[in-house]
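*Asks:* Task: produce atomic coordinates for the following.
(chains A and B)
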Amino acid sequence: MTVAALEALTRNAVDVLPHGELARKLERGRPLRVKLGIDPTAPDIHLGHTVPLGKLAAFQRAGHTAVLIVGDYTARIGDPSGRSKERPVLSTEELDANARTFAEQAFRILDRERTEVRYNSEWLGQLDFAGVLGLTRTTTVARLLERDDFARRLAAEEPISISELLYPLMQGYDSVAIEADVELGGTDQLYNLLCGRDVMEAYGLEPQVALTLPILVGTDGRDRMSKSKGNYIGVAEPPEEQFGKLMSIPDTATADYWRLCLDEEPLAGEPMEVKLGLARRIVRRYHGEEAAVVAEAHFTRVVRRHEAPEEVREVRVRAEGESAWLPGLLRTWFDLPSTSEGRRLVEQGGIRVAGAVVRDERVPWGSLDGALVQAGKRRFARVVVESPSA
RNA sequence: GGGGGAGUUCCCGAGUGGCCAAAGGGGACCGGCUGUAAACCGGUUGGCACCGCCUUCGGAGGUUCGAAUCCUCCCUCCCCCA
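*Replies:* Below is the predicted model:
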């Protein structure tokens, strides 16, 4: 075990507790069982998830065993970490579907052959009431209420359910079940990870090392990346989408993205160049070199030069009546929520036909046939008008 | 078991009988500007072929010319005391 190897495993880590324990475990020379738990509450993995996943992959490359816990059982409760409200409970079907795609997407980062995927319903589902009681005896209410989330919610007179209180214990029991040596998580997981130590000890096991990583901010540069906040970049999203979203993050967040998503130091240079470099590398990582080049070209063309993309989908419409009524047509072409939305777009000068802004709701059919219609800055369609009798 | 309080448009949150499709903020969308899908500035933001009509303020009834606002019952949630 070299100093450099230890450095690689702990790079970007915020806490590695207890101090010196990881080095001690590594020195024994046997592969460690490194645990990362994920809640299948959303179907897609985003860049925020890739931070601990990337760290897990790093352990894997160093010869250790990655144990990916899919929290299909715990998800029924919802992790209260960082939450100010109870989470909505998902149906079993949704959770199952999410769990599958989630694990699948995780293999974009992990080595499939060397990853142990476990569903925690495997052991949590086996616990009878006596087992649950045994688990609850490992801690006290006061200790559970120590954590910030709970303390804050209690102070704000917001509800905390008993099942949420049990969450850290269940997560800790996962560590018992798989005999974890190390557990990874975001800084918001610190309490849960440490609670896991106590639970393991109570079950006669050597407590795990808790390794926490920074929380990645979302594209808004402010809040943590999450699906529900709509500020996320999914690893399975199309290349153009990823590239554009990455370019939209605030400059202040760029360096963090380099370190946490790529595990590299940011380039030196102009902010724009640094961000372009980031977007290229990330898209390349998840979609390959060629897709990255195409995505960048698309960005340059559509966003920077305000031109239409190379390929524009075609929409067909049958000419009916004297003239075309745009709000209704826009609704179907661009999947708008209502025709009122279409009206607003026209009113606000957000609609261009063949490059010219259109301000009337009615236009001659002739002006639409073969024309490129643009809604806002990024939505395009090529129109084909069919004659009414055809 | 007793007492108090809350449920409003995508979210938070004003609104206690007509001036309410409902303040303000967030988000989203459009426009301007820009290296950017950032920041900033301006506008829009229930639906409908829309100068008018329809639906919305936890649910169901009721009072009234007129209700998000008043009454009754119900549902959900929170706090305090025990």
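
*Asks:* How much space separates A:Phe102 from A:Asn192?
*Replies:* Computed as CB to CB, to the nearest Å, the A:Phe102 to A:Asn192 distance reads 19 Å. Every C-beta, even on glycine, is put in place using the N, C-alpha and C of the backbone.

*Asks:* go on, A:His287?
*Replies:* For A:His287, the distance to A:Asn192 - CB to CB - is 33 Å.

*Asks:* So for these two, which sits in the more crowded spot?
*Replies:* Neighbours per residue, other CB atoms under 10 Å: of A:His287 and A:Asn192, the larger number sits with A:Asn192, 24 against 21.

*Asks:* Figure out the helix or strand that the more buried one lives in.
*Replies:* helix A:190-202 (DSSP states H and E).

*Asks:* Let me know the angle separating the helix or strand following that helix from helix A:190-202.
*Replies:* Going down the chain from helix A:190-202, the next helix or strand is strand A:209-213, by DSSP H and E. Interaxial angle, strand A:209-213 versus helix A:190-202 (axes from the mean of the first three to the mean of the last three CA atoms, to 10 degrees): 170 degrees.

*Asks:* Could you list the buried residues of strand A:209-213?
*Replies:* A:Val209, A:Ala210, A:Leu211, A:Thr212, A:Leu213 (16 or more other CB atoms under 10 Å).

*Asks:* The fourth one bridge partners, please.
*Replies:* It stands for A:Thr212. Beta-bridge partners of A:Thr212, counted by DSSP bridges, are A:Asp15, A:Gly185.

*Asks:* is it fair to say A:Arg118 lies in a helix?
*Replies:* No - the assignment for A:Arg118 by DSSP: H, G, I helix; E, B strand; the rest coil gives strand, which leaves it out of any helix.

*Asks:* distance of it from A:Lys35?
*Replies:* 9 Å.

*Asks:* between those two, which one's more packed in?
*Replies:* Neighbours per residue (other CB under 10 Å) separate A:Arg118 from A:Lys35, with A:Lys35 holding more: 28 against 18.

*Asks:* give me the beta-bridge partners of the more buried one?
*Replies:* Beta-bridge partners of A:Lys35, as defined by DSSP bridges: A:Val67, A:Glu183.

*Asks:* Settle this for me: it is touching A:Ile178, isn't it.
*Replies:* Yes - contact criterion CB atoms under 8 Å: A:Lys35 and A:Ile178 qualify, at 6.1 Å.

*Asks:* Residues that sit against both of those two, list them.
*Replies:* A:Val67, A:Ile69 (CB atoms under 8 Å, 6 or more residues apart in numbering).

*Asks:* give me the number of residues near the residue nearest to A:Asp198 when sequence neighbours are not counted?
*Replies:* Spatially, and ignoring its direct neighbours in sequence, A:Asp198 is nearest to A:Thr138 (5.8 Å; CB to CB, 6 or more residues apart in numbering). A:Thr138 is flanked by 18 other residues according to other CB under 10 Å.

*Asks:* how near is A:Thr138 to RNA strand B?
*Replies:* 25 Å (CB to the nearest atom of the strand, to the nearest Å).

*Asks:* cool, and A:Arg378?
*Replies:* Taking CB to the nearest atom of the strand, one finds A:Arg378 at 6 Å from RNA strand B.

*Asks:* I figured that residue was touching A:Val302, is that so?
*Replies:* Yes - taking CB under 8 Å as the definition, A:Arg378 is a contact partner of A:Val302 at 6.5 Å.

*Asks:* more crowded one of those two?
*Replies:* Between A:Arg378 and A:Val302, counting by other CB under 10 Å, A:Val302 is the more crowded of the two (18 against 12).

*Asks:* Now find how far off-centre the helix holding A:Asn192 is within its chain.
*Replies:* 26 Å (CA atoms, centre = their mean, to the nearest Å).

*Asks:* With stretch A:260-275 instead?
*Replies:* 20 Å.

*Asks:* Restrict it to CA atoms and write it as CSV.
*Replies:* Extracted in CSV, the C-alpha atoms of stretch A:260-275 (Å, rounded to 0.1, in the frame of the first residue of the first chain):
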residue,chain,number,x,y,z
LEU,A,260,-15.8,15.7,-8.9
CYS,A,261,-17.1,14.5,-12.3
LEU,A,262,-13.8,13.9,-14.0
ASP,A,263,-11.4,13.5,-11.1
GLU,A,264,-9.1,15.9,-12.9
GLU,A,265,-7.8,19.4,-12.1
PRO,A,266,-9.4,22.0,-14.3
LEU,A,267,-7.5,23.4,-17.3
ALA,A,268,-6.0,26.8,-17.0
GLY,A,269,-7.4,29.4,-19.3
GLU,A,270,-10.4,31.4,-20.3
PRO,A,271,-13.6,30.4,-18.4
MET,A,272,-15.3,29.6,-21.7
GLU,A,273,-12.5,27.3,-22.8
VAL,A,274,-12.4,25.6,-19.4
LYS,A,275,-16.1,24.9,-19.6
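
*Asks:* which residues of the stretch 251-390 of chain A score low on pLDDT?
*Replies:* A:389-390 (pLDDT under 70).

*Asks:* RNA strand B contacts on that one?
*Replies:* A:251, A:271-272, A:275, A:299, A:303-304, A:306, A:320-321, A:325, A:327-328, A:331, A:337-341, A:343-345, A:348-350, A:362, A:375-379 (CB under 7 Å from any atom of the strand).

*Asks:* is it true that A:Ala253 touches A:Val217?
*Replies:* Yes - with contact defined as CB under 8 Å, A:Ala253 counts as touching A:Val217 (5.4 Å).

*Asks:* Can you name the residues in contact with the longest strand belonging to chain A?
*Replies:* Longest strand in chain A by number of residues, with DSSP state E as the criterion: strand A:379-386. By CB under 8 Å, 6+ apart, the residues outside strand A:379-386 that reach it are A:308-309, A:312-319, A:324, A:333-334, A:365, A:368-375.

*Asks:* for stretch A:259-278, same thing?
*Replies:* A:11-12, A:47, A:50-51, A:54, A:58, A:213-214, A:216, A:246-247, A:249, A:251, A:254-255, A:257-258, A:281-282, A:285, A:296.
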